[in-house]
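Colleague: What follows is a predicted structure for the sequence shown.
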Amino acid sequence: MLKLSVEERLFNRVDKNGPIPEYRPELGPCWVWTGCLSQAGYGFIRAFGKCCYTHIVAYKLKRGDYPSGLELDHLCRNTVCCNPDHLDPVTHEENVRRGLLPGVVAARTEATSCRRGHKFTESNTRIRTTTNGKTYRQCWECIKQSSRDAWRRKNSTDVAM
């Protein structure tokens, strides 16, 4: 019995004439995995002694390893695509930031003002950094209002009996 290599097993189940991503046509056609899919919609195959996602195997076979701590972002937004030219090694944070989750899309498109409607401008925005290095914006108008409210509560003459 002839044993096929990982590369042969992978590319025997890849259709290299897949769809061209509508919003990124310059990438060219997706290489669509036609085999088994995970519940999350990613192709998988047994390779290197374990079950692996097909896009990772294809990337490693065609381009080599990518730095530890990074993950592959599908630029084409097609989870069954194995085309190494459609994959970009990025941090998890960048991968999420590029994603299409509703909260991420909202943060990219609608965050021109705070939750109370004050516009984020250079003079009305305070940039804060958390202990884990993530940044977020605060509206100076809301900060001032919170301080005034706290002062009023502290100095209130109303005493509960």
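Modeller: Perfect, thanks for sending it. Residues are numbered from 1 along each chain as shown.
Colleague: got the CA coordinates for the longest helix seen in the chain in PDB?
Modeller: Longest helix in the chain, counting residues (DSSP state H): helix 140-154. What follows is helix 140-154, C-alpha atoms only, in PDB (Å, rounded to 0.1, in the frame of the first residue of the first chain):
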ATOM      1  CA  TRP A 140     -13.400  64.500  29.500                       C
ATOM      2  CA  GLU A 141     -17.000  65.800  29.800                       C
ATOM      3  CA  CYS A 142     -18.200  62.500  31.300                       C
ATOM      4  CA  ILE A 143     -15.100  62.400  33.600                       C
ATOM      5  CA  LYS A 144     -16.000  65.900  34.900                       C
ATOM      6  CA  GLN A 145     -19.600  65.000  35.300                       C
ATOM      7  CA  SER A 146     -18.800  61.900  37.300                       C
ATOM      8  CA  SER A 147     -16.500  64.000  39.600                       C
ATOM      9  CA  ARG A 148     -19.200  66.600  40.100                       C
ATOM     10  CA  ASP A 149     -21.800  63.800  40.900                       C
ATOM     11  CA  ALA A 150     -19.400  62.200  43.400                       C
ATOM     12  CA  TRP A 151     -18.700  65.500  45.100                       C
ATOM     13  CA  ARG A 152     -22.400  66.200  45.400                       C
ATOM     14  CA  ARG A 153     -23.100  62.800  46.900                       C
ATOM     15  CA  LYS A 154     -20.200  63.200  49.400                       C
END
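Colleague: Not counting its own residues, what contacts it?
Modeller: 114, 116, 118, 123-126 (CB atoms under 8 Å, 6 or more residues apart in numbering). In short, each C-beta sits where N, CA and C put it, glycine included.
Colleague: when you check those against the strands, which ones overlap?
Modeller: Secondary structure from DSSP state E places 125-126 of those in strands.
Colleague: Now the two most distant members of the contacts of helix 140-154.
Modeller: 116 and 123 (16.8 Å; CB to CB).
Colleague: what domains does the record give for the protein?
Modeller: Using automatic domain parsing, the domain ranges for the chain come out as 1-107, 111-155.
Colleague: quick one on the thing from earlier: rounded mean pLDDT for the longest helix of the chain, please.
Modeller: Taken as a whole, helix 140-154 has an average pLDDT of 91.
Colleague: Same check on stretch 12-31?
Modeller: If you average the pLDDT over stretch 12-31, you get 95.
Colleague: Okay, now it: how far is its last residue from its first?
Modeller: Stretch 12-31 has an end-to-end distance of 11 Å (CA to CA, to the nearest Å).
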